[in-house]
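Student: Provided below are the primary sequence and the corresponding predicted coordinates.
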Amino acid sequence: MNKPIPREIARSVCPHDCPSTCALDVEIIDDNTIGRVRGAKDDPYTAGVICEKVARYAERVHHPDRLLHPLKRVGAKGEGNWQRVSWDEALDDIATRFLEIEDEFGAEAIWPYNYAGTMGHVMRDGLERLRNSKGYSRQYGTICSMISWAGFVTGTGKLMGVNPEEMAKSDVVVIWGTNPVHTQVNVMTHAMRARKERGAKIVVVDIYNTATMQQADIGLIVRPGTDGALACAIMHILLRDGLADREYMSKFTDFSEEFESHLKDKIPDWAANITGLDVAQIEEFAALVGQNKKSFFRLGYGFTRQRNGAVAMHAALSIPAMTGAWLKEGGGAFHSNSGTWDLDKTDLEGKDLRATPTRLLDMCEIGPILTGDTKALKSNVPVKALLVQNTNPVVVAPDQDKVRNGFMRDDLFTVVHEQFMTDTAKLADYVLPATMFLEHNDYYTRGGHTRILNGPKLINAPGEAQSNHWLFAQLAKRLDSSSAFFEMSDRELIDHTFKASQIEGTSEFETTGFVDKERHADAAHYRDGFAWGDGKYRFAPIWEETRKTKGVEWVCDPAIMPKFADHWDVNEACDERHPFRLATSPARAFLNSSFNETPGSQKREGTPKAHVHPKDAAALNIAEGEVIQIGNARGQVTLFAKLFDGIQTGVLIVEGLHPNSAHSDQIGINTLIGSDPVPPFGGAAFHDCAVWVRKAE
């Protein structure tokens, strides 16, 4: 059959939780249908390359299982019996239930729970306007970047780094703790350009032989949680061999004799014993970055999702501060530009609508919160209602057993606004159909780059699907919550936010598709000093000052944190009962739990499996493809064994978040992950877990 001829090629932007935020060219077949999706060639960062899952986005938009109508649960929770209702009927009942709960328990008993299923500011952050106008419980958004943010900002003073396009001008590209072939393919575009045009070396530091490492010149497979030890040994060698730039450190850092003394015993043998690397590997890496000042450190999220993750990020970030790489074009470091946008979202988020502060609930502790943990609840008021958008906590959140038990409470009223019948939606009282990014207007910022991008409405939504912004407005009317910004269209709210932020109006934005907010290279390289008051990079972090830059909360006594860049041995300890370290790493064809419903992604990822070293498998009498169980005190999970020698012994890797139903016992991998907040300011230790493994019983 001939493929339909596109009516036009329209510019859009990927809405998903990825630093690239790729500019897209989308084939529009008609008012309701898209064809192929390609990366925009004229966008300097996307450069025509997008990941395979987004390239197949028509599978998602036109999926036969998309939610099309409001549904009301009939029967017991989890039985899967639903009744189609009208939007008016659903919204009237939801508002009535919310008002009854507010009257009996107070407004804080209602918790709007959302995250980054869309990165569009109008559709993602507009829920804050409803939250603030009603005085509902606030949300502490710790699940993704809180740990890495703390480690980076405590060194530089600002969440900003060198334009990632400069990787193409580097002599060494260090990709540390991230697997961009799976999670941010554009990193590889610019790193490979450096290799092709300059003969640059690519170094990858990770806990297993990823698809990214397979393209590297040097691959360093470390034990989980030991990145700080590697970084300290690198700095020891730089000082030992005269490769540290003492002039740069004197001018731009707080380098001291005490810090140098601290590194004296961080010798390669010490680090080799901790990391599992060979001394020769550590020496080679140190010499390479020490002799090539144009070394670009692309620091990811993965290695920070551990209890010592903030300290590990700070230690790795300290290497280019010791070599002076920041001064060079193509040198320095990058993690995220999320701290650089300077957008005024006061009205978009309704910040001035909140009369008094309400309790701040940690989204990572949703399991303990819903099961009545008074410490996590921060008061004696239970959560009696949830409004869930842009996330799937019954799969994504840690401590899954508690999460499921909480959602199964008969006295918890749950509303889920979704595109598919996710595991979370299955446990709701109302499921409401949501639009996808091509079916509404929004704007997007790039954590991984420098542009604000336009995402216009290009096609009609199927069935009765409605946008997040529409839902906020409809609920606000029924909840007696007034604000002119609920009455604006999504496009009008974009224009208002841009004007408040002193950005040109939406007409030019809609024509060009972007606003470039790139900082001058001197600022991005901190050539005029780092963002702390004294202009110095901090080898000795002042965690309290770091906390104040964002107004976040302590989850530990700061006195327990290391004084200098260091290896901090606080991760979940293995023992005789739990001898293996488990990390739940990103799959190539899933993004958290998004795309796990599309045929192309399901075909690539197959069944849930655990990567097991052949030596460990032999000791446990486990064969390739055999059904195994992994467990700890939090529960156990059943999946398949995949023998893989690209990890150290004693380590297990499970890629991706399959639907819980993909596991034979209906229990997903995050059952095993703790929800205890990670120092210093919270977050979830998804890659820091001690477990046992055995053949399935």
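Tutor: Here it is on my side, so go on. Residues are numbered from 1 along each chain as shown.
Student: The residue lying closest to residue 187 once chain neighbours are set aside and residue 27, how far apart?
Tutor: Distances taken as C-beta to C-beta, 6 or more residues apart in numbering put residue 180 closest to residue 187, at 3.7 Å, once the chain neighbours are dropped. Backbone N, C-alpha and C define where each C-beta goes, glycine included. Separation of residue 180 from residue 27 (C-beta to C-beta, to the nearest Å): 26 Å.
Student: how distant is the helix or strand bottoming out on mean pLDDT in the chain from the center of its chain?
Tutor: Ranking every helix and strand in the chain by mean pLDDT, DSSP states H and E puts helix 506-512 at the bottom, with a mean of 82. When C-alpha coordinates are averaged (C-alpha atoms, centre = their mean, to the nearest Å), helix 506-512 and its chain have centres 29 Å apart.
Student: Repeat that for stretch 69-83.
Tutor: Offset of stretch 69-83 from its chain centre (C-alpha atoms, centre = their mean): 31 Å.
Student: now what about it, what contacts it?
Tutor: By C-beta atoms under 8 Å, 6 or more residues apart in numbering, the surrounding residues in contact with stretch 69-83 are 84-87, 89-90, 93, 407-408, 410, 426-433, 463-464.
Student: at 6 Å instead, please
Tutor: Contact partners of stretch 69-83, identified using C-beta atoms under 6 Å, 6 or more residues apart in numbering, comprise 84, 85, 87, 90, 408, 427, 429, 430, 431, 432, 463, 464.
Student: Narrow those residues to just the buried residues.
Tutor: When neighbours are counted using 16 or more other C-beta atoms under 10 Å, those contain these buried positions: 85, 87, 90, 427, 429, 430, 431, 432.
Student: Can you give me the pLDDT of the residue nearest the centre of the chain?
Tutor: For the chain, the residue nearest the mean C-alpha position is residue 144 (3.9 Å; C-alpha atoms, centre = their mean). For residue 144, the model assigns a pLDDT of 93.
Student: Now name the helix or strand holding it.
Tutor: In the assignment (DSSP states H and E), residue 144 maps to no helix and no strand.
Student: So which bits of the host helix or strand of residue 515 are buried?
Tutor: Assigned by DSSP H and E, residue 515 belongs to strand 514-516. For strand 514-516, the neighbour count (16+ other C-beta under 10 Å) marks 514, 515 as buried.
Student: packing partners for that strand?
Tutor: strand 451-455 (3 or more C-beta pairs under 6 Å, 6 or more residues apart in numbering; DSSP states H and E).
Student: Show me what the strand it packs on pairs with in its sheet, parallel or antiparallel.
Tutor: strand 442-445 (antiparallel), strand 514-516 (antiparallel) (DSSP bridges).
Student: now what about that strand, what contacts it?
Tutor: Counting by C-beta under 6 Å, 6+ apart, 12-13, 120, 437, 442-445, 509-510, 513-516 sit against strand 451-455.
Student: mind checking the end-to-end distance for stretch 14-26?
Tutor: Stretch 14-26 has an end-to-end distance of 11 Å (criterion: C-alpha to C-alpha, to the nearest Å).
Student: contacts for it?
Tutor: 9-10, 12-13, 34, 37-40, 43, 46, 50, 54, 116, 118-120, 184, 186, 437, 444, 446-448, 591.
Student: Buried residues of stretch 35-48, list them for me.
Tutor: Neighbour-count burial for stretch 35-48, counted by 16+ other C-beta under 10 Å, picks out 37, 38, 39, 40, 43, 44, 45, 46, 47.
Student: quick revisit: the strand holding residue 515: what's the following helix or strand?
Tutor: Heading C-terminal from strand 514-516 (DSSP H and E), you reach helix 521-524.
Student: who's in contact with that next one?
Tutor: By C-beta under 6 Å, 6+ apart, helix 521-524 touches 162, 163, 528.
Student: I'd like the next helix or strand past that helix.
Tutor: Assigned by DSSP H and E, the successor of helix 521-524 is helix 543-550.
Student: What ranges does the stretch 201-350 of the chain have for its helices?
Tutor: Taking DSSP state H, counting those that start in this stretch, the helices of the stretch 201-350 of the chain run over residues 227-240, 246-252, 257-262, 268-275, 279-291, 309-323.
Student: With mean pLDDT added, can I get those in a markdown table?
Tutor: Formatted as a markdown table, these follow (pLDDT from 0 to 100):
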| stretch | mean pLDDT |
| --- | --- |
| helix 227-240 | 98 |
| helix 246-252 | 98 |
| helix 257-262 | 98 |
| helix 268-275 | 98 |
| helix 279-291 | 98 |
| helix 309-323 | 98 |
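Student: Redo those helices as TSV? Include mean neighbour count and distance to residue 150.
Tutor: Compiled in TSV, those are given as follows (neighbours: other C-beta atoms under 10 Å; distance: least, C-beta to C-beta, whole Å):
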stretch	mean neighbour count	distance to residue 150
helix 227-240	25	14
helix 246-252	15	21
helix 257-262	14	20
helix 268-275	19	22
helix 279-291	18	24
helix 309-323	29	4
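Student: Mind putting these into CSV with distance to residue 111?
Tutor: Below are the helices of the stretch 201-350 of the chain laid out as CSV (distance: least, C-beta to C-beta, whole Å):
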stretch, distance to residue 111
helix 227-240, 35
helix 246-252, 44
helix 257-262, 44
helix 268-275, 41
helix 279-291, 46
helix 309-323, 26
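Student: between the ones you listed, which gets nearest to residue 691?
Tutor: helix 309-323 (18.7 Å; C-beta to C-beta).
Student: got the angle for the closest one vs helix 279-291?
Tutor: Compare the direction of helix 309-323 with that of helix 279-291 by axes from the mean of the first three to the mean of the last three C-alpha atoms, to 10 degrees and you get 50 degrees.
Student: Alpha carbons of helix 309-323, as CSV, please.
Tutor: Only the C-alpha atoms of helix 309-323 are listed here, as CSV (Å, rounded to 0.1, in the frame of the first residue of the first chain):
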residue,chain,number,x,y,z
GLY,A,309,25.5,10.7,44.5
ALA,A,310,25.8,14.4,45.3
VAL,A,311,29.3,13.9,46.6
ALA,A,312,30.2,11.8,43.6
MET,A,313,29.0,14.5,41.2
HIS,A,314,31.0,17.1,43.0
ALA,A,315,34.2,15.0,43.0
ALA,A,316,34.0,14.3,39.2
LEU,A,317,33.2,18.0,38.5
SER,A,318,36.3,19.0,40.5
ILE,A,319,38.7,17.4,37.9
PRO,A,320,38.3,20.1,35.2
ALA,A,321,38.7,22.7,38.0
MET,A,322,42.1,21.2,38.8
THR,A,323,43.3,21.1,35.2
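Student: Give me the residues contacting that helix.
Tutor: With C-beta under 6 Å, 6+ apart, helix 309-323 has contacts from 147-148, 150-152, 154-155, 176, 227-228, 231, 234-235, 238, 244-245, 253, 293, 297, 299, 303-304, 326, 332-333, 537, 539, 562, 565, 568.
Student: now swap in stretch 324-332 and tell me
Tutor: 162, 166, 169-170, 245, 248, 293-296, 320, 525-526.
Student: Now which of the residues you listed would you call buried?
Tutor: Neighbour counting with 16+ other C-beta under 10 Å marks 162, 166, 169-170, 245, 248, 293-296, 320, 525-526 as buried within the contacts of stretch 324-332.
Student: now, which of those residues sits nearest residue 283?
Tutor: Within those, the smallest distance to residue 283 is 15.9 Å, found for residue 295 (C-beta to C-beta).
Student: Who are the contact partners of that closest one?
Tutor: Residue 295 touches 172, 289, 325, 331, counting by C-beta under 6 Å, 6+ apart.
Student: Taking these, please make a ChimeraX selection of just the buried ones.
Tutor: Buried subset of the contacts of residue 295, written as a ChimeraX selection, criterion 16+ other C-beta under 10 Å:
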select :172,289,325,331
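Student: The contacts of residue 295 into TSV, with extra columns for distance to residue 543?
Tutor: Formatted as TSV, those follow (distance: C-beta to C-beta, whole Å):
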residue	distance to residue 543
172	30
289	27
325	25
331	27
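Student: circling back to that earlier point, give me the subset of the contacts of stretch 69-83 that lies in strands.
Tutor: Mapping the contacts of stretch 69-83 onto strands (DSSP state E) picks out 84, 430, 431, 432.
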